[in-house]
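Novice: turn this into a structure:
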Amino acid sequence: MKRFILPVFCILFSLSAIAQQTAKDFTQKGRELYEKREFMEALLNLNKALDIDANYAQAYYVRGNIKDSFDDRHGAMKDYNLAIEKNPKFADAFFSRGNVKMKLQDYYGAISDYTSAISVNENYIEAYFNRGKAKQFLQAYEDAINDCSKIIQLHPKNIDAYFMRGILRIDFGDTKNGCLDLSKAGELGDLKAYEMIKEKCNQRTQHAEEGN
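Specialist: From the prediction side, this is the model:
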């Protein structure tokens, strides 16, 4: 009896491993098709992956990205929810779900998701940046500035972080340091930073001089 059970167990284990690998293959194919903008074929491959393994978080995640591309926010949210349910440490799924919430103007919900992504990956620069933007919408300027500063700590030449921190500091009333941040963004290659300097820095300086 034991001789019979062992081969059966080995066969079942092998079939399970093959199914898992096949789900991974279908997901990878779906991802490649998605990047080529062949969306319908991509969806078919991802659905096949989930038919094989309904717990494969990556397939839900990529399918969610496709739905988000078509502004199917409800469908995208549902797939990101499933990806996170299957893998609670899926930083990219938290990030992408946060992006959907941002589009829906659910800024507190977005901040929560970006924070979850950062708790999984403390170097997730995009999550810090988008969390800062969500905080900006809520006029939580000081907290948003801190997120930009964290990005600059991790990536000292991040142009977008200097630009956003510059705008935030000016809005928060710290015009001098905000303008210096915009200057740094311009120095690093962001030409629109100089337009913002003309608009937000030089005019304020001119008004101050006129006031005197």
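Novice: any idea which element the most centrally placed residue in the chain lies in?
Specialist: The centroid of the chain falls nearest to F95 when counting by CA atoms, centre = their mean (3.7 Å). Element membership of F95 [criterion: DSSP states H and E] is helix 91-103.
Novice: that helix: what's the following helix or strand?
Specialist: Toward the C-terminus, helix 91-103 is succeeded by helix 107-120 as the next helix or strand (DSSP H and E).
Novice: returning to that earlier point: let me know how buried the closest residue to the residue nearest to the centre of the chain other than its chain neighbours is, in neighbour terms.
Specialist: Excluding the flanking residues, the one nearest F95 by CB to CB, 6 or more residues apart in numbering is A117, at 4.4 Å. Quick note: C-beta positions are derived from backbone N, CA and C, even for glycine. Per other CB atoms under 10 Å, the neighbour tally for A117 reads 25.
Novice: pLDDT score assigned to A117?
Specialist: For A117, the pLDDT comes out at 98.
Novice: against M196, how distant is the closest residue to K86 other than its chain neighbours?
Specialist: Spatial nearest neighbour of K86, excluding adjacent residues (CB to CB, 6+ apart): A57 at 3.9 Å. In this view, A57 and M196 are 41 Å apart by CB to CB, to the nearest Å.
Novice: okay but the residue nearest to the centre of the chain is in contact with Y128, surely?
Specialist: No. The pair F95 / Y128 is not scored as a contact, 10.5 Å apart, by CB atoms under 8 Å.
Novice: so which of A57 and M196 has more stuff around it?
Specialist: Set A57 next to M196 and count neighbours by other CB under 10 Å: A57 wins out with 22 against 19.
Novice: thinking again about what came up before, which residues touch the residue nearest to the centre of the chain?
Specialist: Taking CB atoms under 8 Å, 6 or more residues apart in numbering, we find F95 in contact with D113, Y114, A117, Y124, E126, A127, N130.
Novice: quick check: the nearest residue to the fifth one once chain neighbours are set aside vs G178, distance?
Specialist: In space, and not counting its chain neighbours, E126 is closest to F95: 6.5 Å by CB to CB, 6+ apart. From F95 across to G178, the span is 27 Å (CB to CB).
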